[in-house]
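Trainee: Using only what follows, build the 3D model:
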Amino acid sequence: MRLALLGLGLVGGSIARAARAAGAEVAAWTPAGSGPRAALAAGALDRAASSPGEAIAGADLVVLAAPPTACLELLDLLAGAAAAALAPGAVVSDVASTKVRIVARAEQLGLRFVGGHPMAGRETSGFGGADGDLFRGRPWVVVPRAADEAANARVEELARTCGAVPVRMGADAHDAAVAGISHAPLVLAAALVEAVAGAPGSPADPGWPVAAALAAGGWASATRLARGDPGMGAGIAATNAGPLADRLRMVRSRLDEWIALLDARAADGLPDAEALRARLAAARTRLEGDG
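Mentor: The predicted structure follows:
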C-alpha cells in the first residue's frame with residue numbers, strides 16, 4: 001500500500017508508525033512540516049512532503065488526519081488545486097471524529113471517499129505522542145461508499161494493518177453515538193473546570209487554590225479531556241453541534257434530577273441517602289451490564 005497522510009499529529013503519526021512497520025510506503029504533509037520531519041527522523045515515514053500534491057502523488061490511499069474543519073478544507077483542496085496529483089483510482093479517507101458533514105462534502109465534490117474514525121486517542125497531541133499500537137483491538141468506524149467495495153476494502157485494510165477492527169456504520173449513526181460517548185464528555189470536562197476553577201472572562205474562583213491543592217485522581221479523571229487540543233475540540237463540537245447539543249440537554253435533565261434529590265431534605269436535615277445510593281447503584285449496574 002502507498003499511503004499519504006495529510007496531517008501527522010497523534011492519530012496520523014500512530015497510523016504512520018503502524019503502517020510503515022507493516023511494510024506500507026508512507027508519505028506525509030502538514031502545514032508547518034515539523035511532524036513529518038520528526039517522523040522521517042524516527043523512521044516512521046518514507047517521505048516528508050513539502051506540499052499536499054507531493055504527498056499524495058502516486059498514493060493508493062490518502063488519509064486526512066486533521067481536525068474536522070480542516071478536513072473540509074482539505075477535501076476542497078483535493079477536488080480543486082491538488083486534484084491533478086491524485087492517482088487514478090486513489091481512495092480518500094479521514095480519521096476525524098465527526099462524519100456527516102465530511103462525508104457529505106466529499107460526495108458533493110465527487111471524490112472517491114470512504115469515511116473513517118479509529119476509536120482510540122489520548123489527550124496528548126502532536127507526532128511526539130504517536131504510538132503504533134494505539135489502535136490495536138479498537139473499533140475503526142468505516143462509513144462505506146455505496147457500490148464501491150474496492151474502496152471500502154482499502155480503508156478496512158488500513159484499519160487491520162493498524163491492528164484495529166473495522167466496523168461499518170452510517171455517518172448519522174456514528175455522529176449520534178460519539179456525541180454521547182466522546183463529545184459530551186469533552187464539553188462536560190470543560191464545564192466542570194469552569195464551574196470549579198472559574199469560568200472564562202470572570203475572576204478565578206477564590207476557593208480554587210485550596211481545591212487544586214487537594215485534587216487527586218477523581219478530578220484528574222473527570223477533567224482529562226479538557227487538557228486536549230482546543231482547536232481539535234472546537235472542530236468536533238462545531239461539526240457535530242446538533243447531536244452534541246441534544247445529548248447535553250439530556251445530561252442537563254439528569255443533573256436537574258440530581259439537584260432535586262440533593263435539595264430535598266428529610267426530617268434530619270439531610271437528603272435521602274438511600275435514594276442517592278440507588279441512583280449511583282443504577283448507574284454502576286448499567287455500566288457493568290454494558291461492559
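
Trainee: and Asp172, what is it in contact with?
Mentor: Contacts for Asp172 (Cβ atoms under 8 Å, 6 or more residues apart in numbering) come out as Val100. Placement of C-beta: from N, CA and C, glycine included.

Trainee: What of His117?
Mentor: Counting by Cβ under 8 Å, 6+ apart, His117 makes contact with Asp94, Val95, Ala96, Ser97, Lys99, Trp140, Val141, His174, Val178.

Trainee: for Leu3, same thing?
Mentor: By Cβ under 8 Å, 6+ apart, the contact set of Leu3 is Ile15, Ala16, Ala19, Ala24, Glu25, Val26, Ala27, Ala59, Asp60, Leu61, Val63, Leu158.

Trainee: The nearest residue to the fifth one once chain neighbours are set aside: neighbour count?
Mentor: Okay, so that is Glu25. Closest residue to Glu25 apart from its sequence neighbours, by Cβ to Cβ, 6 or more residues apart in numbering: Arg2 at 4.7 Å. If you count neighbours by other Cβ atoms under 10 Å, Arg2 ends up with 17.

Trainee: Relative to Gly58, how far out is Arg2?
Mentor: Distance, Arg2 to Gly58, using Cβ to Cβ, to the nearest Å: 6 Å.

Trainee: follow-up on the earlier one: what pLDDT does the residue nearest to Glu25 get?
Mentor: Each residue has a pLDDT score; the one for Arg2 is 97.

Trainee: need the contact list for Thr223.
Mentor: Ala189, Leu192, Val193.

Trainee: For my notes, confirm Ala27 occurs in a helix.
Mentor: No: under DSSP: H, G, I helix; E, B strand; the rest coil, Ala27 falls outside any helix and is assigned strand.

Trainee: Leu75 versus Trp140, what's the distance?
Mentor: As defined by Cβ to Cβ, Trp140 lies at a distance of 20 Å from Leu75.

Trainee: I figured Ala190 was touching Ala226, is that so?
Mentor: Yes: contact criterion Cβ atoms under 8 Å: Ala190 and Ala226 qualify, at 4.7 Å.

Trainee: What are the neighbouring residues in contact with the nearest residue to Gly163 once chain neighbours are set aside?
Mentor: Nearest non-adjacent residue to Gly163, counting by Cβ to Cβ, 6+ apart: Arg136, 3.6 Å away. For Arg136, the contact set (Cβ under 8 Å, 6+ apart) comprises Cys162, Gly163, Ala164.

Trainee: Quick one: the helices in the chain, in order.
Mentor: Secondary structure of the chain by DSSP state H: the helices cover 10-21, 34-41, 52-56, 68-79, 100-109, 149-161, 171-178, 184-197, 208-214, 217-223, 230-239, 241-263, 273-290.

Trainee: Relative to Trp258, which of the contacts of Thr223 is nearest.
Mentor: Trp258 lies nearest to Leu192 out of the contacts of Thr223, by Cβ to Cβ, at 13.9 Å.
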